[in-house]
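Visitor: sequence and predicted structure are below.
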Amino acid sequence: MKILVVGSGGREHAMVWKLAQSPRQPVLYCAPGNAGIASLANCIPIKSDDIAGLKNFALQEKIDVTVIGPEAPLALGIVDEFRKARLKVFGPTRNAARLEASKVFSKEVMAQAKIRTAHAKSFEKIKDALAYIEQQTLPVVIKADGLAQGKGVIIATTQNQAKQAIIDSMEKAVFGQAGKQVLIEQFLDGEELTIMAFTDGKTVVPMPPAQDHKRVGNGDTGLNTGGMGAYCPAPLGTTEIQDQVRREVLQPMVDAMARLGSPFQGVLYAGLMMMDGTPYVLEFNARMGDPETQVVLPLLKNDFVDVLEAVIEHRLDQLPVEWHSDATVCVVMASGGYPGTYQQGIPLSGLPTATTLSDSSMVFHAGTVQRGKEIVTAGGRVLGVLGRGRTLLEAQGEAYRVVKTISFEGCHFRTDIARRALKT
């Protein structure tokens with residue numbers, strides 16, 4: 001069996017790592033992959049948004065299943081193109097992926113499905129958006145409609161900040177075409193929770209609840225990033241909350257997409273804000289989260305290949321999906337300057353090998369490349385160090401034990417991942 005994973009980050013490394021454990025012993029490929037993935041899969045130098053190149057490779061190599069990691073190829077319609085070529089692919093179609101690719105579309109479907117979310121209004125004309133802002137209670141959230149690599153959301157605490165965010169997005173086009181339309185949204189104050197789910201377009205199977213850490217600094221301070229770490233399970237996501245999210249968020253959205261003629265197959269990601277014990281949807285993503293994948297996927301008991309096939313073949317209702325009761329913590333080690341400008345090509349030292357890692361730790365590469373005999377940095381988020389234990393405290397300790405053994409110039413990381421769950 002041959003499996004192709006599309007992407008090059010920590011999420012994709014976690015996927016490849018999990019697939020490599022399959023008793024079916026698949027031959028693994030990753031496009032384009034990274035230095036860590038290269039030890040488990042054949043890395044193919046095709047960019048993740050090169051749809052034609054990826055399709056041709058899959059046809060030529062007779063790939064049995066392709067798994068799409070990042071959002072960009074999904075928004076470009078990679079699943080539609082693969083299906084036309086009669087290739088099995090895991091992920092939603094272009095129309096279904098609009099749940100992530102267009103925040104305005106997502107809000108419209110949430111309204112139709114009666115899913116709780118912040119009140120919001122969309123604007124295509126800058127003068128209308130600026131006028132509307134003057135009537136709003138602060139803080140307010142300004143969102144670029146399209147994909148902006150996690151940077152298209154600004155929480156404005158003053159009128160000037162809000163207006164500048166609108167001008168930057170709509171006039172200065174700092175987010176390109178993604179920001180030509182904006183959503184102005186009510187600010188929700190609470191604690192964030194992520195619940196992802198496998199779905200075949202009808203059946204919904206939630207994963208254990210996770211929480212990521214978006215801010216760059218300890219205590220949730222500083223700039224927003226793509227995620228500085230995550231942990232699972234998040235105690236905030238009680239059994240009751242998980243059931244409520246399945247009934248009131250995930251299943252209604254899957255049903256709504258089916259009614260619209262765009263059944264959603266793959267992983268539906270619900271980014272939630274918990275307010276007084278009630279979940280409100282901040283956003284939907286059309287794929288697995290990063291770094292949430294790194295803490296959730298290791299807890300999957302099933303053969304990951306079986307789950308992928310059940311989703312693709314619309315028979316998820318026939319597969320009991322089971323999870324380990326352990327806890328996991330992932331700490332992101334980032335380049336100096338991230339999430340701003342940063343240097344690349346800096347050598348890493350102290351990277352553990354398969355023989356020096358314990359059963360309760362793993363290092364997922366997020367932004368690395370091989371340069372001669374050295375592994376060097378190639379991104380803002382460089383590594384995701386995973387610790388696993390019977391409790392979150394054990395898992396946290398294991399993750400930071402491994403972090404201390406790795407170094408590279410300018411490296412920074414948070415020292416308080418899972419702090420909310422462990423505060424006394």
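Guide: That came in fine, so what should we check first? Numbering: from 1, shown residues only.
Visitor: surely Pro252 meets Gln112?
Guide: No: between Pro252 and Gln112 there is no contact under Cβ atoms under 8 Å: 9.3 Å. Where you see a C-beta, it was placed from the backbone N, CA and C, and this is true even at glycine.
Visitor: who's more crowded, those two?
Guide: With neighbours defined as other Cβ atoms under 10 Å, Pro252 and Gln112 compare such that Pro252 has more, 18 against 13.
Visitor: in three-state terms, label that one for me.
Guide: helix (DSSP: H, G, I helix; E, B strand; the rest coil).
Visitor: quick check: phi and psi at the closest residue to it other than its chain neighbours.
Guide: Excluding the flanking residues, the one nearest Pro252 by Cβ to Cβ, 6 or more residues apart in numbering is Ala113, at 4.3 Å. With angles defined as degrees, to the nearest 10, Ala113 sits at phi -90, psi 0.
Visitor: Pro347 now?
Guide: Dihedral angles (degrees, to the nearest 10) for Pro347: phi -70, psi 140.
Visitor: Gln135 too?
Guide: The phi/psi pair for Gln135 (degrees, to the nearest 10) reads phi -100, psi 0.
Visitor: pull the number of nearby residues for it.
Guide: For Gln135, the count of nearby residues is 6 (other Cβ under 10 Å).
Visitor: show me how far stretch 59-69 is from its chain's centre.
Guide: In terms of Cα atoms, centre = their mean, to the nearest Å, the gap separating the centre of stretch 59-69 from the centre of its chain is 21 Å.
Visitor: how about that stretch, which residues are buried there?
Guide: Residues of stretch 59-69 classed as buried: 63-69 (neighbour count, 16 or more other Cβ atoms under 10 Å).
Visitor: before we move on, what about stretch 205-224?
Guide: 205-216.
Visitor: of all the buried residues of stretch 59-69, which two lie farthest apart?
Guide: Spatial extent of the buried residues of stretch 59-69 (Cβ to Cβ) is set by the pair Asp64 and Gly69 at 17.4 Å.
Visitor: can you give me the helices in the stretch 1-150 of the chain?
Guide: Ranges of helices within the stretch 1-150 of the chain are 10-19, 51-61, 71-75, 78-84, 98-101, 103-112, 126-133, based on DSSP state H, counting those that start in this stretch.
Visitor: I'd guessed the residue nearest to Pro252 sits against Asp255; true?
Guide: Yes: here Ala113 reaches Asp255: they are 7.2 Å apart, a contact under Cβ under 8 Å.
Visitor: and the pLDDT for the residue nearest to Val245 when sequence neighbours are not counted?
Guide: Spatial nearest neighbour of Val245, excluding adjacent residues (Cβ to Cβ, 6+ apart): Ile195 at 5.0 Å. Looking at Ile195, its pLDDT reads 98.
Visitor: quick one: low-confidence parts of the protein?
Guide: 354-356, 424 (pLDDT under 70).
Visitor: which residue ranges make up each domain of it?
Guide: Here the domain parsing of the chain from automatic domain parsing is 2-96, 119-186, 191-318, 327-422.
Visitor: so which of those comes closest to Ser106?
Guide: Among the domains of the chain, the nearest to Ser106 by Cβ to Cβ is domain 191-318 (5.4 Å).
Visitor: how far does that closest one sit from the chain's center?
Guide: Worked out by Cα atoms, centre = their mean, domain 191-318 lies 9 Å from the chain centre.
Visitor: residues near Ala97, how many?
Guide: For Ala97, the count of nearby residues is 29 (other Cβ under 10 Å).
Visitor: quick check: closest non-adjacent residue to the residue nearest the centre of the chain.
Guide: For the chain, the residue nearest the mean C-alpha position is Gly289 (1.6 Å; Cα atoms, centre = their mean). For Gly289, ignoring the flanking residues on the chain, the nearest one in space by Cβ to Cβ, 6+ apart is Tyr269 at 5.3 Å.
Visitor: wait, doesn't that neighbour sit right on Thr199?
Guide: No: using Cβ under 8 Å, Tyr269 is not in contact with Thr199, being 10.9 Å away.
Visitor: the host helix or strand of Val329 to helix 10-19, inter-axis angle?
Guide: Val329 is part of strand 327-334 when elements are defined by DSSP states H and E. Going by axes from the mean of the first three to the mean of the last three Cα atoms, to 10 degrees, strand 327-334 is angled at 140 degrees with respect to helix 10-19.
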